[in-house]
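A.B. asks: Just need the structure, nothing else, for what follows:
(2 chains)
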Amino acid sequence: MELVPPRGTQDLLPDRADAMYGLYEAAHKTAELFGFRYVETPMFEHTELFVRTSGDTSDVVTKEMYTFEDKGGRSLTLRPESTASVVRAYLTHAQELPNPFRSYYVGSEFRHGRPQAGRTREFRQFGIEVIGVEGAQADVEVIVLGERYLRERGLSQHVLHLNSIGDENCRPAYRERLVDYFDPYRDRLDEDCRTRLSKNPLRVFDCKVDGGKDFVLAAPTIAEHLCEPCATHFAGVRKGLDDVGVPYLLNPRLVRGLDYYTRSTFEWVSSALASDQASTLNAGGRYDGLAEALGGQPTPGVGFAMGLDRVLLALEAEGAALPSPRAPRCFVVAIGPDAGAASRYLIADLRNEGISAAGSYEERPLKAQLKMADRAGAAFVAIVGEQELATGTVTLRRLVDGVQKSVPTADVATWLTKLDGWVD
RNA sequence: GUGGCCGUAGCUCAAGUGGUUAGAGCGCCAGGUUGUGGUCCUGGAGGCUGGGGGUUCAAGUCCCCUCGGUCACCCCA
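C.D. replies: Model (predicted):
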């Protein structure tokens, strides 16, 4: 039996798992603060959901999906992203849900690519979606929420890139314009970019080989070719961000691979993460065409998907503090046969006071139990032995520096919640 | 999915051009210390050198396959 987990997955164990848990918790807090509601959608969906929304030109669909057949012969796929699921769920329950529907989710996504630092086959996302509003203010709020989350985690070395990619009214004309523009340069594009030119010409801009060539940089940008409503919307987003003081970098070459994306696209790129393959912390945009792609009523939407594993890597890269470990506050040590019951009562009391506490399940020497406490990561040890039983006290020991106090058993909880009083 | 580099103890790494029983530091366990963890001293355990096949008198070392890691791509969070 191979004891290592499947390729591209990882075990999150104490301290690092606590850090991830902290990111989840912060996601809940921030989203709730903005009035967003938590949703959970299935970990797997009908394969068709992702095929219809991501389209057949997307690599996610063509080669990165975990697709399998269940015992009923259905083709199912582990979710490679959650936006399609949330919109699907919204469409089936739209009558019962508020409008706009501000929702958020946290959880694992699955893509079968070749693993690399910051890109694993199972990865964790915090995503938000505002469904049912077209106005620029929704885009602004999504961005403000994302910026706030990153900043409050302690990150500072990231830049918000912003663009608008138009909609079904102005993008087709621009596409043609772009194809015409690139036509004379066809021979100077590499093979891969020529494929993009025919499939999705906007994506020539983020080509690694040709992206920096002068004729690519000089190519007409979508920003110059937005239709009136799209231009107005984009201006509204920019003004909204300016009003609240969120800095951004206009990046006319920031595009999206999928057709249902409209208007705003944005992403936060970290300069602390070395690999530019995995330096996007959070990517989002407007997807006014998604609901129709699913066969539902036309329904606008905007949201982002943040890569929490990458956020954790960025925190480490920037030397920022990680979310705290959640080790027990107090480890209760019982010495001698008579102390067992007393220590169990003490543990129960502490827990009832909301103080995390644990102890040994079996009788062991003091030394061994202190070591257990140390290993458990406890901040304090409460020693219950013959001397303590005789006097109705407990010996409290602070592990970080070994300072000890003898306190009445009834006061232990109070002492453990005190931050002062341990100096002498 | 494509290509480069790498894989020795739990971790970080040693083992001239193939050559007896593969080493060290840290960590782990035990004792010193039967009421004090982390520090200190002493001792101990721990490896079919990622796995499989091949070349050779002889493979950690060379070749092939495979698995895994990593980097660059494709693409994306």
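A.B. asks: Give me every residue in contact with stretch A:339-356, excluding its own residues.
C.D. replies: With CB atoms under 8 Å, 6 or more residues apart in numbering as the test, stretch A:339-356 has contacts from A:326, A:328-330, A:332-334, A:357-359, A:363, A:382, A:384-386, A:388-389, A:394, A:409, A:412-413, A:416-417. C-betas here are computed from N, CA, C, even on glycine.
A.B. asks: and RNA strand B, which of those residues reach it?
C.D. replies: Among the contacts of stretch A:339-356, the residues lying close to RNA strand B (CB under 7 Å from any atom of the strand) are A:385-386, A:388.
A.B. asks: pLDDT score for A:Glu32?
C.D. replies: For A:Glu32, the pLDDT comes out at 98.
A.B. asks: Look at it and give its secondary structure.
C.D. replies: helix (DSSP: H, G, I helix; E, B strand; the rest coil).
A.B. asks: I'd like to know how far it sits from RNA strand B.
C.D. replies: If you measure A:Glu32 against RNA strand B using CB to the nearest atom of the strand, to the nearest Å, the figure is 22 Å.
A.B. asks: Beta-bridge partners for the closest residue in space to that residue that isn't next to it in sequence, please?
C.D. replies: Ranked by CB to CB, 6 or more residues apart in numbering and with sequence neighbours excluded, the top spatial neighbour of A:Glu32 is A:Tyr38, at 7.8 Å. Note on A:Tyr38: beta-bridge partners A:Tyr104, judged by DSSP bridges.
A.B. asks: Among the ones next to RNA strand B among the contacts of stretch A:339-356, the buried ones, what's the PyMOL command?
C.D. replies: Selection of the buried residues among these in PyMOL, burial being defined by 16 or more other CB atoms under 10 Å:
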select buried, chain A and resi 385+388
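A.B. asks: from the ones next to RNA strand B among the contacts of stretch A:339-356, which ones fall inside helices?
C.D. replies: With DSSP state H as the criterion, helices contain A:386, A:388 from among those.
A.B. asks: Output the ones next to RNA strand B among the contacts of stretch A:339-356 in JSON lines, with distance to A:Thr195 appended to each entry.
C.D. replies: Formatted as JSON lines, these follow (distance: CB to CB, whole Å):
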{"residue": "A:Gly385", "distance to A:Thr195": "76"}
{"residue": "A:Glu386", "distance to A:Thr195": "80"}
{"residue": "A:Glu388", "distance to A:Thr195": "76"}
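A.B. asks: ok so, going back, in helices, which of the contacts of stretch A:339-356 fall?
C.D. replies: Reading helices off the contacts of stretch A:339-356 with DSSP H, I get A:386, A:388-389, A:412-413, A:416-417.
A.B. asks: of the residues you listed, buried ones?
C.D. replies: Buried among the ones in helices among the contacts of stretch A:339-356 by 16+ other CB under 10 Å: A:388-389, A:412-413, A:416.
A.B. asks: and of the residues you listed, the nearest to RNA strand B?
C.D. replies: The shortest gap between RNA strand B and any of these belongs to A:Glu388, at 5.5 Å (CB to the nearest atom of the strand).
A.B. asks: from memory the closest one sits against A:Val394, does it?
C.D. replies: Yes. Contact criterion CB atoms under 8 Å: A:Glu388 and A:Val394 qualify, at 5.4 Å.
A.B. asks: okay, and the common contacts of these two?
C.D. replies: A:406, A:409.
A.B. asks: I'd like to know the beta-bridge partner residues of A:Gly284.
C.D. replies: Bridge pairing for A:Gly284 (DSSP bridges) gives the partners A:Phe266, A:Phe304.
A.B. asks: need the contact list for it.
C.D. replies: Counting by CB under 8 Å, 6+ apart, A:Gly284 touches A:142-143, A:146, A:264-267, A:302-305.
A.B. asks: and A:Thr299, helix, strand or coil?
C.D. replies: On the basis of three-state DSSP, A:Thr299 is classed as coil.
A.B. asks: For it, the count of nearby residues, please.
C.D. replies: 23 (other CB atoms under 10 Å).
A.B. asks: Against A:Ser82, how distant is it?
C.D. replies: Separation of A:Thr299 from A:Ser82 (CB to CB, to the nearest Å) stands at 16 Å.
A.B. asks: contacting residues for A:Thr391?
C.D. replies: A:Ser406.
A.B. asks: what's the distance between it and A:Phe331?
C.D. replies: In this structure, A:Thr391 and A:Phe331 are 21 Å apart, going by CB to CB.
A.B. asks: And for A:Ser82?
C.D. replies: From A:Ser82 to A:Phe331 the distance is 40 Å (CB to CB).
A.B. asks: and stretch A:196-215, average pLDDT?
C.D. replies: Mean predicted lDDT for stretch A:196-215 stands at 74.
A.B. asks: Buried residues, it. List them.
C.D. replies: Those would be A:196-197, A:200-205, A:207, A:210, A:213, for stretch A:196-215 by 16+ other CB under 10 Å.
A.B. asks: So which helix or strand of chain A has the lowest pLDDT on average?
C.D. replies: Within chain A, no helix or strand scores below helix A:59-63, which has a mean of 69 by mean pLDDT, DSSP states H and E.
A.B. asks: Dump the next helix or strand along the chain from that helix to PDB, restricted to CA.
C.D. replies: Following helix A:59-63 in sequence order, the next helix or strand is strand A:66-69 (DSSP states H and E). Extracted in PDB, the C-alpha atoms of strand A:66-69 (Å, rounded to 0.1, in the frame of the first residue of the first chain):
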ATOM      1  CA  TYR A  66     -11.900  14.700 -13.700                       C
ATOM      2  CA  THR A  67     -14.700  13.000 -15.500                       C
ATOM      3  CA  PHE A  68     -16.100   9.600 -14.700                       C
ATOM      4  CA  GLU A  69     -19.100   7.500 -15.200                       C
END
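A.B. asks: pLDDT (mean, whole number) over strand A:66-69?
C.D. replies: 90.
A.B. asks: What pairs with it, parallel or antiparallel?
C.D. replies: Strand A:66-69 has these strand partners (DSSP bridges): strand A:75-78 (antiparallel).
A.B. asks: The helix or strand just after the strand it pairs with - contacts with which helices or strands?
C.D. replies: Using DSSP H and E, the helix or strand that follows strand A:75-78 in sequence is helix A:83-93. If contacts are counted by 3 or more CB pairs under 8 Å, 6 or more residues apart in numbering; DSSP states H and E, helix A:83-93 sits against strand A:44-46, helix A:47-54, strand A:101-110, strand A:122-131, helix A:290-293, strand A:301-307.
A.B. asks: and the fourth one, what does it pack onto?
C.D. replies: Going back to what we said before, that points to strand A:122-131. helix A:16-33, helix A:83-93, strand A:101-110, helix A:136-153, strand A:301-307, helix A:308-318.
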